[in-house]
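**Student:** pasted the sequence and its predicted model underneath.
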Amino acid sequence: LAFTLYDETSAAFHNFVEFASANTWQAVDGGAYLSDLLTPALNGPISTFVSLLFGSLSSMTLSNLYNRQVSLATGFAQLVEDIRFADIHFEYFPEKYKMKAKMSMRRYVLLLIQIFEREWSSGDLLLLRERRRLQIEKLMILLHDLSGDPEVEVNGRVLDEAYGALNRISDRHTSMAAVYDLQFPTWHYGNLALLGSSICTIFFILTDRSALVFLGAFQLRVCWSILVCTISVMGCVMYDLNTPLEGIFQIVKETDRQYLKQLAKELKE
């Protein structure tokens with residue numbers, strides 16, 4: 001699209017400059033002399049500073065977003081493993097406590113599936129997190145009741161391991177929620193868009209020569225397409241990394257979702 005519309009875009013930029021500058025004269029050399037005068041300033045402090053700032057902010061953004069994805073993916077894997085360990089320990093509980101524990105854990109897993117399948121609006125996420133936290137609190141209370149029940153006997157080691165698994169699940173829940181909420185503000189992406197637009201503007205200023213447009217139209221189209229594609233690809237990658245539950249760089253794959261559903265089915269049984 002950038003390659004095809006380059007002529008129209010370049011002409012529109014030239015007409016805008018002519019209108020905004022309110023020139024009462026017409027360059028007979030096609031703007032070559034003016035372009036030569038502007039080139040040292042644009043290639044010197046302006047383009048250098050803009051490019052360095054754009055590159056630094058882009059690198060920082062992509063690095064932080066990727067590290068956020070890695071942290072969420074690692075936390076999810078550890079969370080599922082802790083849920084599995086907790087379920088193993090529940091098997092050694094007395095029957096009435098085992099059924100209650102498995103039911104609460106199944107509700108927790110179903111809430112987890114609901115979050116990862118994005119069956120919620122932005123306003124419901126806090127409610128889902130609170131419901132998950134309440135299920136862990138119910139399990140903790142259940143373990144307290146079990147440890148203080150004089151009518152039943154339970155292996156102390158099993159009870160300690162169950163406590164440990166629930167504590168780790170609670171920690172994972174808190175850390176993953178904190179990492180997920182750690183996002184760049186909207187104005188940060190606005191600054192990146194502004195810097196990218198500045199680089200495109202500098203390109204048009206440097207190439208605003210009628211002779212260059214006439215003789216090297218194809219080469220200019222290629223250069224403009226490369227510039228636009230580079231900025232667009234970077235924007236797409238940032239958007240993808242900023243949505244960890246969808247897109248290409250997902251923290252939860254389809255196999256993980258199927259595993260959670262299978263785990264919920266096993267807890268029901």
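**Tutor:** The structure has been received and is ready for your questions.
**Student:** Asn191 and Leu57 touch, don't they?
**Tutor:** Yes - between Asn191 and Leu57 a contact is recorded at 6.8 Å, counting by CB atoms under 8 Å. Glycine gets a C-beta too; all of them are placed from N, C-alpha and C.
**Student:** for stretch 169-189, the averaged confidence score.
**Tutor:** Taken as a whole, stretch 169-189 carries a mean pLDDT of 85.
**Student:** what's in contact with that stretch?
**Tutor:** 57, 61, 64-65, 68, 71-72, 75-76, 78-79, 82-83, 86, 108, 129, 132-133, 136, 238, 242, 244 (CB atoms under 8 Å, 6 or more residues apart in numbering).
**Student:** now it: buried residues?
**Tutor:** 169-170, 172-173, 175-177, 179-180, 184, 189 (16 or more other CB atoms under 10 Å).
**Student:** the residues you listed in helices, which ones?
**Tutor:** Among the buried residues of stretch 169-189, DSSP state H puts 169-170, 172-173, 175-177, 179-180, 189 in helices.
**Student:** before we move on, the earlier item: what subset of the contacts of stretch 169-189 is buried?
**Tutor:** Buried among those (16+ other CB under 10 Å): 57, 61, 65, 68, 71-72, 75-76, 78-79, 82-83, 86, 108, 129, 132-133, 136, 238, 242, 244.
**Student:** need the three-state assignment for Gly247.
**Tutor:** Following DSSP: H, G, I helix; E, B strand; the rest coil, we place Gly247 in the coil state.
**Student:** that one touches Cys236, doesn't it?
**Tutor:** No - between Gly247 and Cys236 there is no contact under CB under 8 Å: 9.2 Å.
**Student:** which parts of the stretch 101-250 of the chain are helices?
**Tutor:** 125-147, 156-181, 186-206, 210-215, 217-241 (DSSP state H, counting those that start in this stretch).
**Student:** export these to JSON lines and tack on distance to Lys100?
**Tutor:** Output for the helices of the stretch 101-250 of the chain, formatted as JSON lines (distance: least, CB to CB, whole Å):
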{"stretch": "helix 125-147", "distance to Lys100": "6"}
{"stretch": "helix 156-181", "distance to Lys100": "13"}
{"stretch": "helix 186-206", "distance to Lys100": "45"}
{"stretch": "helix 210-215", "distance to Lys100": "77"}
{"stretch": "helix 217-241", "distance to Lys100": "40"}
